[in-house]
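>>> Return atomic coordinates for the entry below.
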Amino acid sequence: MEFETEDAAYNFYNDYAYRVGFSVRISKGHKDKYGKIVNRVFCCSCEGYRGKDKREDNVKNPRPQSRFGCLAKMKVNSRLTGKYRVTEFIAEHAHETTTPSKSHLLRSQRKMTIPQVAEVHLADDSGITPKASCELLARRAGGRENLGFIPEDYRNYLRSKRTMQMKSGDTGGVLEYLQKMQLEDSNFFYAIQVDEDDLITNIFWADVKMMIDYSYFGDVVCFDTTYRKNKEGRPFAMFVGVNHHKLTIIFGAALLYDETTESFIWLFNTFAKAMSEKKPKTILTDQDAAMAKALALVWPETCHRLCIWHLYQNALKKLSIVFGKFQDFSKDFNKCIYEYEEEKVM
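Model prediction:
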């Protein structure tokens, strides 16, 4: 069997992988003196074994194993005829393959088409949420299995798009401001996270007053990400507390590009670093799953509690019929939150 191009060979093997139920990875290849690929190996994504992680003893929630030494592969070579001829093919897998109904979830089977990308841009510019837009695209395609990508791919694409759209003047302005603040006060703290393309993703800063306030009143912290930067809709996060006059004080602030577990892990680690590794005893947040996961990983000793305002908002959404039907339910609900007794364990 021969193919005109390397891409044609890959597409053939990937279509075969879809029917069998595994994901394809482009493996090793060789080039001639002109830089053209003369042979290539396409293998199962479970080929080989993962290298030993140096942090293995310290990682509490390690990633699941994804490589099992699978030998399934297809090798093509173009040295003889100029066309990519199959010179080796191994069909047997060292692991169970997925069912055809789940093949669309495999990494090599997921790709956003040009028309879909255009719709993503239109929805983003119109202010439509990724969840609503993704559901609409899935309905048009006849179901998520026919969509060609998953919601995570949608969010990742939006993140890349928004990062690329950030003008160099904006980036330079942010850096210039932070550097100016640090020149005026050597104790001013700021940290910037960049991605693999050296583009800014997350920013955190705290001045001396914030650090001093945290040293006195940082036992209980409220972490709020409900604010949004205009147009882009990026989260503006604040670490907030209360002083001895019952006034709201700010311990630190951050501009985030998404609300993923990875971003929160970076932010919580950076906040602790700015505050001389002092972690709060209690932190109040909303019911964000990614945030809760990050807190459990980074600050396991900190007591995590939900914000009362969010509890009431969720109660109104989920129990609106109950509130309307039973007049005393609101009072009973307040008692459940405020009027409680602590039992001492003997």
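>>> CA atoms for contacts and neighbours, from now on please.
OK.
>>> quick one: the strands in the stretch 101-250 of the chain?
189-194, 200-206, 220-228, 235-242, 248-255 (DSSP state E, counting those that start in this stretch).
>>> Could you tell me how many residues sit around the residue lying closest to S78 once chain neighbours are set aside?
Of all residues not flanking S78 in the chain, Y84 sits nearest, at 4.4 Å (C-alpha to C-alpha, 6 or more residues apart in numbering). By other C-alpha atoms under 10 Å, 25 other residues sit near Y84.
>>> Can you list the low-confidence ranges for this structure?
The chain contains residues with pLDDT under 70 at 53-62, 159, 161-172, 196-199, 226-234, 340-346.
>>> in the biggest helix by length in it, what's buried?
Across the chain, the longest stretch assigned as helix under DSSP state H is helix 168-184. By 16 or more other C-alpha atoms under 10 Å, the buried positions in helix 168-184 come out as L178, Q179, M181.
>>> The closest residue to N77 other than its chain neighbours: helix or strand, and which one exactly?
Closest residue in space to N77, ignoring its immediate chain neighbours: N39 at 4.2 Å, by C-alpha to C-alpha, 6+ apart. Per DSSP states H and E, N39 falls inside strand 37-44.
>>> moving C-terminal of that strand, what's the next helix or strand?
Immediately after strand 37-44, counting by DSSP H and E, sits strand 73-77.
>>> What strands flank whichever helix or strand comes after that following strand, and is each parallel or antiparallel?
The helix or strand immediately downstream of strand 73-77 is strand 84-90, counting by DSSP H and E. Here strand 84-90 has these sheet partners by DSSP bridges: strand 2-3 (antiparallel), strand 73-77 (antiparallel).
>>> measure the residue nearest to N77 to V86 for me?
10 Å (C-alpha to C-alpha, to the nearest Å).
>>> returning to what we had before: tell me the most buried of the strands paired with strand 84-90?
Each of the strands paired with strand 84-90 was scored by mean neighbour count; the highest is strand 73-77, a mean of 22, by mean count of other C-alpha atoms under 10 Å.
>>> Run the chain-centre distance for that one.
In this view, strand 73-77 has its centroid 34 Å away from the chain centroid, taken as C-alpha atoms, centre = their mean, to the nearest Å.
>>> Mind listing residues that contact that strand?
Applying C-alpha atoms under 8 Å, 6 or more residues apart in numbering, the contact partners of strand 73-77 are 9, 13, 38-44, 83-91.
>>> do stretch 298-317 as well
With C-alpha under 8 Å, 6+ apart, stretch 298-317 has contacts from 222, 265, 268-269, 279-287, 292, 295, 323.
>>> hmm, 7 Å instead?
With contact meaning C-alpha atoms under 7 Å, 6 or more residues apart in numbering, stretch 298-317 is reached by I265, F268, N269, P280, K281, T282, I283, L284, T285, D286, Q287.
>>> quick one: which of those is nearest K209?
K209 has its nearest neighbour among the contacts of stretch 298-317 in P280, at 17.2 Å by C-alpha to C-alpha.
>>> V221 is in contact with the closest one, correct?
Yes: using C-alpha atoms under 7 Å, P280 is in contact with V221, at 6.5 Å.
>>> Show me which of these two is the more surrounded one.
Per other C-alpha under 10 Å, whichever of P280 and V221 has more neighbours is V221, with 23 against 20.
>>> give the contact list for the more buried one.
Taking C-alpha under 7 Å, 6+ apart, one finds F239, V240, G241, P280, T282, I283, L284 in contact with V221.
>>> ok, the nearest residue to the fourth one once chain neighbours are set aside - contacts?
Closest residue to P280 apart from its sequence neighbours, by C-alpha to C-alpha, 6+ apart: D219 at 4.7 Å. Taking C-alpha under 7 Å, 6+ apart, we find D219 in contact with P280, K281, T282.
>>> ok, now with 8 Å
K279, P280, K281, T282.
>>> ok, now L284?
Contacts of L284 by C-alpha under 8 Å, 6+ apart are V220, V221, C222, F223, H304, R305, L306, C307.
>>> cutoff 7 Å now
V221, C222, F223, H304, R305, L306, C307.
>>> How many residues are close by the last one?
What that stands for is C307. When neighbours are counted by other C-alpha under 10 Å, C307 comes out with 16.
>>> Next one: it from T248, what distance?
Per C-alpha to C-alpha, C307 is found 15 Å from T248.
>>> what's the answer for the first one, then?
Using C-alpha to C-alpha, one gets 11 Å for the distance from V221 to T248.
>>> shared neighbours of these two, which are they?
Common neighbours of V221 and T248 (C-alpha under 7 Å, 6+ apart) are V240, G241.
>>> picking up where we left off before, for R50, find the nearest of the strands of the stretch 101-250 of the chain.
Per C-alpha to C-alpha, nearest to R50 of the strands of the stretch 101-250 of the chain: strand 189-194, 25.7 Å.
>>> I'd like to know which elements that closest one is packed against.
Judged by 3 or more C-alpha pairs under 7 Å, 6 or more residues apart in numbering; DSSP states H and E, strand 189-194 is in contact with strand 200-206.
>>> All set, thanks.
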